[in-house]
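[1] Everything below, folded, please.
(4 chains)
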Protein chains: 2
Amino acid sequence: MYQWNRFHLEETTLCTQGMQYNVAKATIRDVAKQAGVGVGTVSRVINASSAVSPETRQRVLVAIEELDYRPNPSAQRLSRGRTHTIGVIAPFFIADSYIHRLRGIQSLLENTEYDLVLFNVENQTQRRRIFQNLPGSERIDGLILISLTPTEPEAHKLLNIGVPVVLIDAFHPHFNYVTVDDVAGGELAAQHLLYLGHTKIAFVSDFIDDPDAFNSSNRDRLAGYQIALTDAGMAIDVPYLAHGQLGAQSAKALTRQLLSLQDPPTAIFAANDLKAIAVISAAEEMGFHVPDELSVIGYDDIEIADYLNLTTIRQPLFDTGLEGVKLLLNLIDDVEKTTYQTLLPIELVIRQTTAPVRAHNSSVTELDYLRSH
Amino acid sequence: MYQWNRFHLEETTLCTQGMQYNVAKATIRDVAKQAGVGVGTVSRVINASSAVSPETRQRVLVAIEELDYRPNPSAQRLSRGRTHTIGVIAPFFIADSYIHRLRGIQSLLENTEYDLVLFNVENQTQRRRIFQNLPGSERIDGLILISLTPTEPEAHKLLNIGVPVVLIDAFHPHFNYVTVDDVAGGELAAQHLLYLGHTKIAFVSDFIDDPDAFNSSNRDRLAGYQIALTDAGMAIDVPYLAHGQLGAQSAKALTRQLLSLQDPPTAIFAANDLKAIAVISAAEEMGFHVPDELSVIGYDDIEIADYLNLTTIRQPLFDTGLEGVKLLLNLIDDVEKTTYQTLLPIELVIRQTTAPVRAHNSSVTELDYLRSH
DNA sequence: CTGTTAGCGCGTTCAC
DNA sequence: GTGAACGCGCTAACAG
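    The predicted model follows:
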């Protein structure tokens, strides 16, 4: 085992330089003067509100072009009482899933006038702080929470910020939300393993009762797993339920425990792809070959899953974000407030880390076999 | 080889619900009245500008508390002519590195009054569009570009938007930037392999001359590699230079090619961790054991690297973001415009995918050996 | 120290 | 159709 080696190199260069900013901002007044009209008219052509005669409209357009005029957003916001920005609160560290949902949100927003402002909630301190001081209608027109299930007090505050709220990858009866059915996902994963003939199926996840957990996905996936096994007429084997903290080492330790059991599982369902990768890594270190001797299925279908040929459950992350903003924008525009609760489809992606259970419970590898001869 | 199986389940629930928003916004005038003072005074205590007598200050504070008053950002922005928001333009898909830099930026911003608004540039179309319509001083007080090296025309536009600009993970002589030394990183990686006795070292990266490339990191890492080899008195073996497009399959194909050479490399330096993982995956599929028969080193030290015990080059992503905003905020406040160009340190993280080169050039594995007896 | 007032740039009545 | 006022909520400059 190596220790880290560290090589450091640091450098800072400083050189003066003449950057000059052109701050010649044209206002609506300038445009009006240039076009020989009143500011009201300019405003009208900008907002395409009421009718303006074709000729004057043209004159205004030309003036706008000449002066490179662009309306001042702050003034617009103040005047119309809407901020034209939507807020997104999300735990940054759920890197892969978070980013794809955000991409979905962004993809729709970039075709609108809306700004996207970001708030980070990585820990309980940040969470407390942001809920203590939630952005209101003075800052945003709508709010999206990603992977954040509000507690009751938090829900209460959210309902009072004065703008619509949409939950993505989280559930609460009083809010609009877009999510995937993690229970069904867990079921799907377990069913796949059952279909391959496995009966000794373990489940590896983060701690289920962690109060710091941001959502219930681990719990839901476990529930799905339990349903599938029960439906198949099987009992849930407690020693096969392994929960641990975040990180590679914890998942590896759990795997070693599972595979050291008197009667080790022949398949492991990991609650997310990262954990699945740790499971595979630990299993192979112990000499278990995947998938011949151990099937492993993950959850999420992050990019790396393709690199490693990991069988997994894919959820439509991008679409989740997309649907979320759509919902929010509708809510912002609509007068009537209805609650849409949307479940997006999931799918099983079979690659090469799951295989039919071995006919005989032999754990003799080819290598062992050859060695012994 | 399996095909994907797809199981779909979809559901949409809709139920009416009485969400009512409290839109009782208190203005500065209300506070002034409540406290029995003028608006100017309220403004003073809010902005902690000039001195206010302790008693009146207290009265105002109480009034603010009672009315749950919070200043309207749009009005503040308009009035002081500053937006109190900083913009970040970044290619979202560079998921891991992007997210950590963003976290660094966010971590500093959350202690300030600044909003963080995000712009996505995933492809040339988006790039063209955003540079066509760059946010100016009416929208932001400062701009950060992540992993985006401006072309000359782009640089010209950036210099004219009226607010300071900072580049992160990119270089341009006319801009402030914070980056790591990719050349030194490439050198470090190659030196590590040389130190282990390798002489047949391949380099796998994205296409070097891709006009769509967002920055020069691939090229720089290659340059570092070349320097290291040259310094060691070795020639650069062209067949060992493998460039391909993004994605797992491309990297795997390149690896297969390299390892099928008459004289295959004993070590591969991948320009990023994802590629390194693909390299390992392909190598092991071909029966090459890592690190015994093939050493692989990556670049970035993304989370998964720890899971897979990947030797790699770590760059201070978070710090890069942090330093970037620091720089920007200073630029925003300072009158004199100087250019700071900062290089942050990198480090070699040795895990378990690199090992000393084998004494004899044998590529016979244990399995082969046993099989043949 | 503190109240008053004039903009900030734009949307939106209102009369014309 | 169109121009001129007023107000959005706040900051800053000015008197007192």
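
[2] Where does pLDDT dip in the stretch 201-350 of chain A?
    Within the stretch 201-350 of chain A, the ranges that satisfy pLDDT under 70 run A:211-213, A:335-338.

[3] And the strands in it?
    Here the stretch 201-350 of chain A has its strands, by DSSP state E, counting those that start in this stretch, at A:201-206, A:241-244, A:267-270, A:295-297, A:312-314, A:338-344, A:347-349.

[4] Point out the most buried one among the ones you listed.
    Here the criterion is mean neighbour count by mean count of other CB atoms under 10 Å in any protein chain shown, and of the strands of the stretch 201-350 of chain A the winner is strand A:267-270, at a mean of 30. Yep, even glycine has a C-beta here, placed from its N, CA and C like the rest.

[5] Now do that one: everything it contacts.
    A:186, A:189-190, A:193, A:196, A:198, A:200-205, A:221, A:225, A:251, A:255, A:258, A:276, A:278-279, A:283, A:294-299, A:354, A:357 (CB atoms under 8 Å, 6 or more residues apart in numbering or on different chains).

[6] Restrict that strand to CA atoms and write it as CSV.
    Extracted in CSV, the C-alpha atoms of strand A:267-270 (Å, rounded to 0.1, in the frame of the first residue of the first chain):
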residue,chain,number,x,y,z
ALA,A,267,-26.4,-11.1,-5.9
ILE,A,268,-26.1,-7.6,-4.5
PHE,A,269,-28.4,-4.7,-5.2
ALA,A,270,-26.6,-1.4,-4.5
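
[7] Sheet partners, orientation included, of that strand?
    Take DSSP bridges as the rule and strand A:267-270 pairs in its sheet with strand A:201-206 (parallel), strand A:295-297 (parallel).

[8] can you list contacts of the longest one?
    Pointing back at strand A:201-206 there. Strand A:201-206 is contacted from outside by A:190, A:193-194, A:213, A:218, A:221-222, A:225, A:229, A:240-246, A:251, A:254-255, A:258, A:265-272, A:275, A:279, using CB under 8 Å, 6+ apart.

[9] Whichever of those end up buried, select them in PyMOL.
    This is the PyMOL syntax for the buried subset of the contacts of strand A:201-206, where burial follows 16 or more other CB atoms under 10 Å in any protein chain shown:
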select buried, chain A and resi 190+193+194+218+221+222+225+229+240+241+242+243+244+251+254+255+258+265+266+267+268+269+270+271+272+275+279
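
[10] Just the contacts of strand A:201-206: which are in helices?
    Using DSSP state H, the subset of those located in helices is A:190, A:193-194, A:218, A:221-222, A:225, A:229, A:251, A:254-255, A:258, A:275, A:279.

[11] distance between whichever helix or strand residue A:101 is part of and the chain's centre?
    Counting by DSSP states H and E, the element that carries residue A:101 is helix A:95-109. Distance of helix A:95-109 from the chain centroid (CA atoms, centre = their mean, to the nearest Å) equals 7 Å.

[12] Looking at the stretch 201-350 of chain A, what residue ends up closest to DNA strand C?
    Using CB to the nearest atom of the strand, the single residue of the stretch 201-350 of chain A nearest to DNA strand C is residue A:333, 13.7 Å away.

[13] ok, now the stretch 101-250 of chain A?
    Nearest residue of the stretch 101-250 of chain A to DNA strand C, counting by CB to the nearest atom of the strand: residue A:113, 10.4 Å away.

[14] what about that residue, distance to residue A:147?
    The spacing between residue A:113 and residue A:147, counted by CB to CB, to the nearest Å, is 27 Å.

[15] what about these two, which has more around it?
    Just comparing residue A:113 and residue A:147: by other CB atoms under 10 Å in any protein chain shown the higher neighbour count belongs to residue A:147, 21 against 9.

[16] who's in contact with the more buried one?
    A:90, A:91, A:94, A:97, A:98, A:168, A:169, A:170, A:214, A:215, A:217.

[17] Name the nearest residue to residue A:264, sequence neighbours excluded.
    Using CB to CB, 6 or more residues apart in numbering or on different chains and skipping the chain neighbours, the partner closest in space to residue A:264 is residue A:258 (6.3 Å).

[18] thinking again about what came up before, and the two most separated of the ones in helices among the contacts of strand A:201-206?
    A:194 and A:251 (22.8 Å; CB to CB).

[19] what is residue A:145 paired to in the beta sheet?
    On the basis of DSSP bridges, residue A:145 is bridged to residue A:89, residue A:167.

[20] What residues does the stretch 151-300 of chain A have near DNA strand C?
    Taking CB under 7 Å from any atom of the strand, no part of the stretch 151-300 of chain A reaches DNA strand C.

[21] Around chain B, pick out the residues from the stretch 151-300 of chain A.
    A:159-164, A:174, A:181, A:184, A:188, A:248, A:274, A:277-278, A:281 (CB under 8 Å from any CB of the partner chain).

[22] Just these: which are in helices?
    Among these, the members falling in helices (DSSP H) are A:184, A:188, A:248, A:274, A:277, A:278, A:281.

[23] I'd like those residues laid out as TSV, including neighbour count.
    TSV is the format used below for these (neighbours: other CB atoms under 10 Å in any protein chain shown):
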residue	neighbour count
A:184	23
A:188	23
A:248	20
A:274	24
A:277	26
A:278	27
A:281	19
